[in-house]
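Visitor: pasted the sequence and its predicted model underneath.
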Number of protein chains: 2
Amino acid sequence: MADEEPTSIWMQPERQERSGPGRRPGYSREQITRTAVRIADAEGVEAATMRRIAGELGTGAMSLYRYVPRRDDLFDLMIDLAMSEVELPDGPSGDWRGDLALLARRIRATGLRHPWLIALLTSRPTLGPHLLRVHEFALGTFDELGLDIDDSTGLVAMLNDYLHSAIRREIGWLEEARRTGLDPERWKRDYMGPYVRQVVESGAFPLFNRSVLDSRTAHLAPEERFRHGLDRILDAIAALIPSLRPPRAERR
Amino acid sequence: MADEEPTSIWMQPERQERSGPGRRPGYSREQITRTAVRIADAEGVEAATMRRIAGELGTGAMSLYRYVPRRDDLFDLMIDLAMSEVELPDGPSGDWRGDLALLARRIRATGLRHPWLIALLTSRPTLGPHLLRVHEFALGTFDELGLDIDDSTGLVAMLNDYLHSAIRREIGWLEEARRTGLDPERWKRDYMGPYVRQVVESGAFPLFNRSVLDSRTAHLAPEERFRHGLDRILDAIAALIPSLRPPRAERR
DNA sequence: TCTCATTTGCGTACATGGTACCTGAATGGC
DNA sequence: GCCATTCAGGTACCATGTACGCAAATGAGA
């Protein structure tokens, strides 16, 4: 009776272990979510179908709908479960740059451990508690500097944008290869390679050519590349801070 | 016989109007792509199914496979068709900031006209000719300043990251509402609203609360918000430029 | 003009997906 | 021990991408 009005998954708490009548639940949201995450980690989100998850739990697909209204809501739960792995200090330490670098490393590690995470996260507006927690931490580092909330939000967005796209780049073609069923080496060599070679040889895009042929960073280890990009973003943020609105203390 | 080895769509040119024997093609890749784009614009990518596109063209679903190997390749074609609408000058004008602002406005306009574009673009590695053209233009504005190709690529990525996430934010919940079948107002008020209200009232995330309650930019027109963010990114880029590697001219 | 190899049009069919619905089994309060 | 309530999960429906196969069209060579 209460599920006529569709609302956010976070507003529909899981059935409790109440003392009323009725059969006791044999599974739980967390158990289902954990299973979905495990499958998605190993074989991609598209493998985490309702039937497959249920099968892994030894039950039928429709049983899951007692715990999760729609598959999309399960995605939200998966995102939040993954984000719960991002461990952070209780609050900013006073070294905003160090705090944000820590945040960045943790998010990258989580994003690599769950290659589907960033794709899901950026494909829909979702606001699970753990995402809020991480967001709050990032806002905190700027608040400590006395920045306006709008400016803080903007800078956090800037950092997030970098994180998401850098992680995606790092995973990108690996995931694409898996999706198309080719092994990554073959995909790069036989699928994308010939096209890039043709573009390069056409000479139509000389700067793109240079970015392919003359790049120094292309041969760096992924961590190094990530750190370079991160340093640049943090430099940009550092450069921006003094020019932003005066801190609250000075404004009154 | 030639389609055993899977390769990029851009490497498999459309059957030409050759003079050999055989029935003449009744459709074309462009015609199919255009139809797909029209449907996706009006009802979302998920509505642009093979059957639907074919139906719109007055034929059967399987006919499309004479022109496009897989649905994913059709997505690549759609992306590139949309990107072809981004009109740009032949080369940089000397005012890099103006050039990039123009680029940003054009991409935003295109992204709003095709609400599925950014989502597809960021969900997979794709490199159509028109995407390359736009990318080349962006690289050109930095090359003109004498920047190293790796640094130029990094700055272009920074701008792109902002564009993608800003456009996505602007479209975001509108698309989500459409996907779930609710009308946008209801979605905001009945679906997301109650949850955000609960989070706010819990007081667990004070800075998030301020970003919701005390925000000044939240009431701005979308264009204004976009321009604010764009100005900030361009400021950041401007601040970064002097600190980057010395221009090629000085390096020898 | 008559083959005939070649290429397109497209109906049929299959596997796989989300999920609505329904029946039966479990459970605890009265 | 009855009964309202809740969960388990089978069956079923519809939509999707696409493999396969055959008929229709087409133009070159005879």
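Guide: Ah, there it is. Residues are numbered from 1 along each chain as shown, chains lettered A, B, ... in the order given.
Visitor: how many neighbours does the residue lying closest to A:Pro129 once chain neighbours are set aside have?
Guide: Counting by Cβ to Cβ, 6 or more residues apart in numbering or on different chains, A:Pro129 lies nearest to A:Asp80, which is 6.4 Å off, once chain neighbours are set aside. C-betas here are computed from N, CA, C, even on glycine. As a burial measure, A:Asp80 scores 20 neighbours (other Cβ atoms under 10 Å in any protein chain shown).
Visitor: the helix or strand hosting A:Asp80 vs DNA strand D: in contact?
Guide: Using DSSP states H and E, A:Asp80 maps to helix A:71-83. No: applying Cβ under 7 Å from any atom of the strand, one finds helix A:71-83 separated from DNA strand D by no less than 13.7 Å.
Visitor: show the subsequent helix or strand relative to that helix.
Guide: Following helix A:71-83 in sequence, per DSSP H and E, is helix A:96-113.
Visitor: centre of the chain to that next one, how far?
Guide: From the chain centre to the centre of helix A:96-113 is a distance of 11 Å (Cα atoms, centre = their mean, to the nearest Å).
Visitor: touching chain B at all, the helix or strand that it is followed by?
Guide: Sequence order places helix A:117-123 as the next helix or strand after helix A:96-113, per DSSP H and E. Yes: using Cβ under 8 Å from any Cβ of the partner chain, helix A:117-123 comes into contact with chain B via A:Ala119, A:Thr122, A:Ser123.
Visitor: now do the helices in the stretch 151-252 of chain A.
Guide: Secondary structure of the stretch 151-252 of chain A, counting by DSSP state H, counting those that start in this stretch: helices at A:184-186, A:193-202, A:206-213, A:222-240, A:248-251.
Visitor: which residues does stretch A:120-132 contact?
Guide: Residues outside stretch A:120-132 that contact it (Cβ atoms under 8 Å, 6 or more residues apart in numbering or on different chains) are A:10, A:45, A:72, A:75-81, A:83-84, A:86, A:164, A:168, B:119, B:122-123, B:165, B:168, B:172-173, B:176, B:192, B:195-196, B:199, B:204-205, B:208.
Visitor: which ones are touching A:Pro92?
Guide: Going by Cβ under 8 Å, 6+ apart, A:Pro92 touches A:Asp99, A:Phe137, A:Gly140, A:Thr141, A:Asp143, A:Glu144.
Visitor: for stretch A:95-111, which positions count as buried?
Guide: By neighbour count on 16 or more other Cβ atoms under 10 Å in any protein chain shown, the buried set for stretch A:95-111 is A:Trp96, A:Asp99, A:Leu100, A:Leu102, A:Leu103, A:Ala104, A:Arg106, A:Ile107, A:Arg108, A:Thr110, A:Gly111.
Visitor: what's the burial count for A:Leu230?
Guide: Neighbours of A:Leu230 under the rule other Cβ under 10 Å: 19.
Visitor: same question for the one 4 residues further on.
Guide: Using other Cβ under 10 Å, A:Leu234 has 19 neighbouring residues.
Visitor: next: A:Leu159.
Guide: 21.
Visitor: can you pull the pLDDT of the closest residue to A:Phe205 other than its chain neighbours?
Guide: Counting by Cβ to Cβ, 6+ apart, A:Phe205 lies nearest to B:Glu136, which is 4.5 Å off, once chain neighbours are set aside. Looking at B:Glu136, its pLDDT reads 98.
Visitor: tell me the secondary structure at B:Glu136.
Guide: helix (DSSP: H, G, I helix; E, B strand; the rest coil).
Visitor: which parts of stretch A:217-228 are buried?
Guide: So for stretch A:217-228, counting by 16+ other Cβ under 10 Å, buried means A:Thr217, A:Arg225, A:Phe226, A:Arg227.
Visitor: check those against DNA strand D, which are close?
Guide: Applying Cβ under 7 Å from any atom of the strand, the subset of the buried residues of stretch A:217-228 adjacent to DNA strand D is empty.
Visitor: circling back: for the buried residues of stretch A:95-111, which one is nearest A:Pro184?
Guide: A:Pro184 lies nearest to A:Gly111 out of the buried residues of stretch A:95-111, by Cβ to Cβ, at 17.8 Å.
Visitor: state the distance from the closest one to A:Asn209.
Guide: Separation of A:Gly111 from A:Asn209 (Cβ to Cβ, to the nearest Å): 30 Å.
Visitor: next one: A:Ile167
Guide: 27 Å.
Visitor: what do you get for A:Leu244?
Guide: In terms of Cβ to Cβ, A:Leu244 sits 38 Å off from A:Asn209.
Visitor: which non-adjacent residue is nearest A:Trp10?
Guide: In space, and not counting its chain neighbours, A:Trp10 is closest to B:Tyr195: 5.4 Å by Cβ to Cβ, 6+ apart.
Visitor: isn't the one you found up against A:Ser8?
Guide: Yes: counting by Cβ atoms under 8 Å, B:Tyr195 touches A:Ser8, with 3.9 Å between them.
Visitor: neighbour count: these two, which is higher?
Guide: For B:Tyr195 versus A:Ser8, neighbours defined as other Cβ under 10 Å are more numerous around A:Ser8 (20 against 17).
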